[in-house]
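>>> 3D, please:
(one chain, ligands or ions: 1)
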Amino acid sequence: MRDNDLAVLPKDNTEYSTKKYWDERYEKGSHDVVFDWFKTYSDIKDLINTYIKKDAKILMLGCGNSSLSEDMYNDGYSEIVNIDFSEVVIDQMKERCSQTTMKWEVMDVLDLKYNSNEFDAIIDKGTMDALMCEKGDVWDPSPQLISVVTREIDGVERKRFLTRDAFELEVLTLGTSFHYFAYICKKKKESGSLDSLE
Ligand SMILES: C[S@@+](CC[C@H](N)C(=O)[O-])C[C@H]1O[C@@H](n2cnc3c(N)ncnc32)[C@H](O)[C@@H]1O
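Just a heads-up that it's a prediction; the model follows:
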């Protein structure tokens, strides 16, 4: 079941960054509701297969009720740990994926409880977008928001958040008419060469 029919639009965009909004949204559905933000695994499979080995230990940030982890699992990625700050969706996903060995944990992405080297790859699909939501009407955005979004589309804003000395950042464009961006952060080895995930 897809949740497109559920009345889930927030009153204003800032709600996307609150736990209350996500809990209420997920409470309206059940474990069999699937909603994939922006792209599905079939859209980004080649990209993921290129950068992440099948035996990699993967952390999925803000998993929601997306089918991405299940689709990756069925494609051979068996070591996936999924986190979300909504215990409602984590309980639903545990039930939906009870036949898999994937792990599901309630955790805030801004307060991770893992060691820094615990994962080979970390995936964020749409979660940083939720964190970045500002006040305003999506149908009538303020000039300030337009300016921020324009800068983000140019890759500047998001790059600013993702640039670190320890990483090499690659920005890829996905899609043909309506474009999305994939930001690949690869950890550098001490020598400066890339610690490839392949
Ligand atoms: C836009 S949805 C994306 C869901 C999924 N990754 C996808 O691609 O369809 C954002 C998800 O991030 C979760 N989320 C938002 N802020 C979070 C935070 N600070 N810590 C953990 N999860 C968060 C929400 O509960 C929601 O499930």
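
>>> ok, so what distance separates F181 from the ligand?
Going from F181 to the ligand by Cβ to the nearest ligand atom, to the nearest Å gives 14 Å. Using the backbone N, CA and C atoms, a C-beta is placed for each residue, glycine as well.

>>> Need the three-state assignment for that residue.
Using DSSP: H, G, I helix; E, B strand; the rest coil, the three-state assignment for F181 comes out as strand.

>>> Quick check: bridge partners of it?
Residues in a beta bridge with F181, per DSSP bridges, are T173.

>>> hang on, it packs against T173?
Yes - with contacts counted by Cβ atoms under 8 Å, F181 reaches T173, the gap being 6.1 Å.

>>> quick one, which of those two is more surrounded?
Ranked by neighbour count (other Cβ atoms under 10 Å), F181 and T173 place F181 first, with 15 against 10.

>>> mind listing the helices for the protein?
For the chain, applying DSSP state H gives helices covering 19-27, 41-51, 68-74, 87-96, 127-131, 143-153, 156-162.

>>> The fifth one - contacts with which helices or strands?
Using 3 or more Cβ pairs under 8 Å, 6 or more residues apart in numbering; DSSP states H and E as the contact criterion, no secondary-structure element is in contact with helix 127-131.
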